[in-house]
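**Q** Here's a sequence, model it:
(one chain, ligands or ions: 1)
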Amino acid sequence: MIEIEHRLAQRRNIVTALPGPRSSALADRRKAAVAAGVGSSVPVYAADADGGVIVDVDGNSLIDLGSGIAVTGVGASHPKVAAAVADQAGRFTHTCFMITPYEGYVRVAEELAALTPGDHEKRTVLFNSGAEAVENAIKVARLATGKSAVVAFDHAYHGRTNLTMALTAKSMPYKANFGPFAPEIYRMPSSYPYRDEPGLTGTAAARRAISRIEAQLGADAVAALIIEPIQGEGGFIVPAPGFLPALADWARRNNVVFIADEVQTGFARTGAWFASEHEGVVPDIITMAKGIAGGMPLAAITGRAALLDAVHPGGLGGTYGGNPVACAAALATLEVMRELDLPARAREIEAMVVPELRALAEQIGVIGEVRGRGAMLAIEIVRPGTSVPDPVLTKAIAAEALSAGMVLLTCGTHGNVIRLLPPLVIGADLLADGIDVLTEILRRKTVSN
Ligand code: PLZ
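**A** Numbers count the residues shown, from 1 in each chain. Down below sits the predicted model:
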């Protein structure tokens, strides 16, 4: 792994209790000002971040294994991204693309057409968040097909707006008491090799879903099928090989728009530009956000020209969609990703981490499975010798990781998955330190169980 220069020292350094006094003071102010419904995974407040470290307001340097939920692949303050943002902000921060368009938006659309899978004619629309991209992909699919049903899957996560809550599988905390939800969403079984019946192949899992779709809805009713090629919030679930291609195939044969939600998996994270590529899947529409712009809020849908151009002029948009500062950040981010060959770096991260965790899994009983691709890796935590999820232990591991100086996220329908999502520019030494810390915690926790 080549060494990348960083502005901040790339090491773990804890100088106060965690949270420290300044973070605690901010937590008190927050309580009186910020709504209780907004959560934070860790109680430390950020002051600076670069490469693989986050420095908090008390001067602690923490290893970042979350990248702000798979956003800061190039780090949270890459100098090229920062310079592009400053330059654009110094010229104009906003005109509204729907009023006075600008080149940055067009260039991002050109880049996405070239980067996304498939060499068909494509069109792009830019938005602000992943949920907004998903909403718009569904709008386009319904209009273009004249149909209304949308198929989503078990363990899916697609956002927190009304339509995307309906698409999201997990009730707590995303949906509980926020209904009624958007109609015409149908949930089908996905492929979860660790928990499916042993030996269920990807194609058999796809057939299971398809036969239900055909029986319960009929292909004639279905506008779109939306799926994350690796399910993210649901538990970093990599479907069995053949599952995605079989679904995409069925969709193509039935005039159903196949939407790959690559909001979390996109932009080099899984060792390819997009996770669909691992199985040669060419989505009709792909939704993107997170990693696209080095931390600036930007999202996109890119899809077949015939689908996107079916929408009447003025039918798609939004005040801030494709904001010029965010577009400048995206262009710089993509340049850095190419320059550093971050897809290859994500594969190097996988090669560094996975064998070590698999070896550990052989030794301790609480690791049900180590899985993932590239720098989107996960450990499913279970009760020893069973496959029963252990969310309590999972939470305790993340809490201990914080005490040791590491931001470690969890996920999963049952809250029992530890996810590793380091910035792709993290250095080998820092990553190794992070994995050592995690290994040590896992060993200790297992003993004390
Ligand atoms: N699609 C596949 O992963 C966002 C959300 C965390 P937004 N995932 C992190 C939380 O608790 O809110 C996500 C995703 C996939 C859509 C989204 C939604 O993207 O940018 O958060 O709207």
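**Q** From here on, just use CA atoms for contacts and neighbour counts.
**A** Noted.
**Q** and the closest residue to the ligand within the stretch 1-150 of the chain, what is it in contact with?
**A** Closest to the ligand within the stretch 1-150 of the chain is residue 130: 3.3 Å, counting by Cα to the nearest ligand atom. Applying Cα atoms under 8 Å, 6 or more residues apart in numbering to residue 130 gives the contacts 158, 159, 263, 287, 288, 289, 290, 299, 300.
**Q** same thing but 6 Å
**A** Counting by Cα atoms under 6 Å, 6 or more residues apart in numbering, residue 130 makes contact with 263, 289, 299.
**Q** Output the residues you listed in a markdown table; the columns should cover distance to residue 338 and neighbour count.
**A** Converted to a markdown table, the contacts of residue 130 look like this (distance: Cα to Cα, whole Å; neighbours: other Cα atoms under 10 Å):
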| residue | distance to residue 338 | neighbour count |
| --- | --- | --- |
| 263 | 19 | 29 |
| 289 | 18 | 31 |
| 299 | 19 | 28 |
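**Q** ok, these vs residue 233, which is closest?
**A** For residue 233, the nearest member of the contacts of residue 130 is residue 263. The distance, counting by Cα to Cα, is 11.2 Å.
**Q** when you check the ligand, which of the contacts of residue 130 turn up near it?
**A** Among these, the residues lying close to the ligand (Cα under 6 Å from any ligand atom) are residue 263.
**Q** Name the nearest of the contacts of residue 130 relative to the ligand.
**A** The shortest approach to the ligand among these belongs to residue 263, at 4.7 Å (Cα to the nearest ligand atom).
**Q** wait, doesn't that closest one sit right on residue 289?
**A** Yes. The pair formed by residue 263 and residue 289 meets the contact definition of Cα atoms under 6 Å, at 4.9 Å.
**Q** Quick check: the residue nearest the centre of the chain vs residue 275, distance?
**A** Among the residues of the chain, the smallest C-alpha distance to the mean C-alpha position (Cα atoms, centre = their mean) belongs to residue 264, namely 1.8 Å. From residue 264 over to residue 275 the distance is 10 Å, taken as Cα to Cα, to the nearest Å.
**Q** Kindly report the same for residue 312.
**A** For residue 312, the distance to residue 275 - Cα to Cα - is 31 Å.
**Q** which of those two has more neighbours?
**A** Set residue 312 next to residue 275 and count neighbours by other Cα atoms under 10 Å: residue 275 wins out with 26 against 9.
**Q** Can you show me the helices along the stretch 151-300 of the chain?
**A** Per DSSP state H, counting those that start in this stretch, the stretch 151-300 of the chain carries helices over the ranges 162-167, 202-216, 243-253.
**Q** Which among those helices is found nearest to the ligand?
**A** Using Cα to the nearest ligand atom as the criterion, the shortest distance between the ligand and the helices of the stretch 151-300 of the chain is 7.9 Å, found for helix 162-167.
**Q** neighbours around the residue nearest to residue 202 when sequence neighbours are not counted, how many?
**A** Counting by Cα to Cα, 6 or more residues apart in numbering, residue 202 lies nearest to residue 243, which is 3.9 Å off, once chain neighbours are set aside. Residue 243 is surrounded by 22 other residues when neighbours are defined as other Cα under 10 Å.
**Q** OK, contacts around residue 243?
**A** With the criterion set at Cα under 6 Å, 6+ apart, residue 243 makes contact with 202, 203, 206.
**Q** With neighbour count, pLDDT and distance to residue 236 as added columns, please give those residues in TSV.
**A** TSV is the format used below for these (neighbours: other Cα atoms under 10 Å; pLDDT from 0 to 100; distance: Cα to Cα, whole Å):
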residue	neighbour count	pLDDT	distance to residue 236
202	22	98	16
203	18	98	20
206	26	98	18
